[in-house]
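J.: Sequence isn't available, so here's the structure alone:
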Ligand code: NAP
């Protein structure tokens, strides 16, 4: 912890907030203060924006190979420092060390992927239908970007945006979540070490997100917002972006259905459920939120899932052998408690868990609820905790319509051994991603994102880079 930067990163320098203001970073496993980091206000945000604007022209001219190699070096440094970064992440966010190591690898992979894509930015040359005019197409960086990230994947949500922005030649102001600023500050230090020029990435930690970000979005110099977080905040930021017509990418909330048909392989379905529900303690936008299980296998599925969930070890993420760390904070845990109490009041059966343990830290036990009433609040709310809510269904049309009956459309999971049904149901689900007989969809090489109120645009894959590029078309008449 001693070497982790705690100041703002502006124009390549580590600086304090103007009035020396700081905010605490807490350990969710103990509730104790880990350290303090700079707490920026609108003035420092302006300085960060100015640094990004100043660096933009030169950075856009940098050779793609140079940008690619900076990303590649940063990838290698991250991998070398996996343990250090994992410990840092666990201390501020709570996830078990094994999961934190997994996130470090996942986060680094975005840099490797976009280092490879940076040198493949294409253009075009063509004859227009009149046979006379020629069209030259080139790609250029969209310009200075504001990147806003949540606390649940402190490193990967940063690299998923910073990677393509660097590859495209954009400069950035990054505002990480106040609960987990340390991973982002460590990442900035790594990029500096990897040779990123001053001003290309600026990091502003703050407890006053609205005051800091709104002027940047309305000011006209930031040309792109890439946001990951809740739908409610996303909607607010879209409205603020409208004034200066800022281009936006929005990775918002989810309400994932997890559908188990009567012909599913139940071993695969339970394995998939453990991943889709328990990755990151259930604090993931991709977390299975509603388990629809065919009536004929619901009892068996519930029993097996409860057995697996009940065997997980809950405790501080730094302790060896722990599977489930604390939730992010008391507010997050309080929400989970309320949702479970509401479901139980409406008749849900608790197969395992459901009781908050005594003592410090924000722990909540892995919980399985059966016979959940569809009117329960957790059906229409992201649970963001280790709670699996099981409902039954009788036929395919019914389950597809119930799965789609939500304003969100990020991801869905389908378990069946029938190829016909697998493809038919996947095509009918109103989601941006489907896990077919798997509980994990995230991969840096695949386009991640949702439809409906789960967002706009995609991150990762080839298209992840398009989000940071504009086209320029040159019309050339040829005599
Ligand atoms: P959040 O409350 O929406 O916050 C996300 C980020 O936005 C934080 O940095 C937050 O800072 C900032 N923010 C809040 N209000 C703002 C404002 N007025 N102006 C500018 N920034 C503002 O979400 P969260 O609780 O951190 O994260 C959980 C949510 O993220 C869930 O809904 C989850 O589904 C979603 N998520 C989506 C994806 C995806 O790829 N689709 C991935 C991960 C998470 P403050 O905390 O200081 O307000």
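T.: Received it, and whenever you're ready, just let me know what you need. For clarity, every value in this text was computed on a predicted model and none was experimentally measured.
J.: in the chain, which residue is closest to the centre?
T.: Taking Cα atoms, centre = their mean, the centroid of the chain lies closest to residue 157, which sits 4.8 Å from it.
J.: And the residue lying closest to that residue once chain neighbours are set aside, what's its pLDDT?
T.: Leaving aside its sequence neighbours, residue 157 sits nearest to residue 149 (Cβ to Cβ, 6 or more residues apart in numbering; 4.2 Å). C-beta here means a position set from N, CA and C on the backbone, and glycine is covered the same way. pLDDT for residue 149: 98.
J.: Ok, residue 18 next?
T.: pLDDT, residue 18: 89.
J.: Pretty sure it sits against residue 42.
T.: No - with contact defined as Cβ atoms under 8 Å, residue 18 does not count as touching residue 42 (10.0 Å).
J.: out of the two, which sits in the busier spot?
T.: Comparing residue 18 with residue 42 by other Cβ atoms under 10 Å, the one with more neighbours is residue 42, at 17 against 14.
J.: how about the residues of the protein near the ligand?
T.: Selection of the chain residues close to the ligand by Cβ under 6 Å from any ligand atom yields 148-153, 157, 175, 177-178, 209-210, 213, 228-230, 233, 236-237, 251-254, 285, 382, 410, 455.
J.: Roughly how far does the residue of the chain most remote from its centre sit from the ligand?
T.: Of all residues in the chain, residue 479 has its C-alpha farthest from the mean position, at 51.7 Å, by Cα atoms, centre = their mean. To the ligand, residue 479 is 51 Å away according to Cβ to the nearest ligand atom, to the nearest Å.
J.: Please renumber the chain so that the first residue is 29 from this point on.
T.: Got it, the first residue is 29 from now on, which makes the last one we talked about residue 507.
J.: give the contact list for that residue.
T.: If you count contacts by Cβ atoms under 8 Å, 6 or more residues apart in numbering, residue 507 has none.
J.: Now do the same for it: its pLDDT.
T.: Reading off the model, residue 507 has pLDDT 83.
J.: Could you do residue 96 as well?
T.: pLDDT at residue 96 comes out at 98.
J.: Kindly report the same for the one 4 residues further on.
T.: In the predicted model, residue 100 carries a pLDDT score of 98.
J.: and it, what element?
T.: Residue 100 is located in helix 92-108, with elements delineated by DSSP states H and E.
J.: What's the first helix or strand after that helix?
T.: Criterion used, DSSP H and E; the element after helix 92-108 is helix 110-121.
J.: Run the chain-centre distance for that next one.
T.: Distance of helix 110-121 from the chain centroid (Cα atoms, centre = their mean, to the nearest Å) equals 17 Å.
J.: What residues of it count as buried?
T.: 110, 113-121 (16 or more other Cβ atoms under 10 Å).
J.: list the helices and strands that helix packs on?
T.: Judged by 3 or more Cβ pairs under 8 Å, 6 or more residues apart in numbering; DSSP states H and E, helix 110-121 is in contact with helix 125-145, helix 209-221.
J.: by how many degrees do the longest one and helix 92-108 diverge?
T.: Think helix 125-145. 170 degrees (axes from the mean of the first three to the mean of the last three Cα atoms, to 10 degrees).
J.: which strands and helices sit next to helix 125-145?
T.: helix 92-108, helix 110-121, helix 184-196, helix 491-494.
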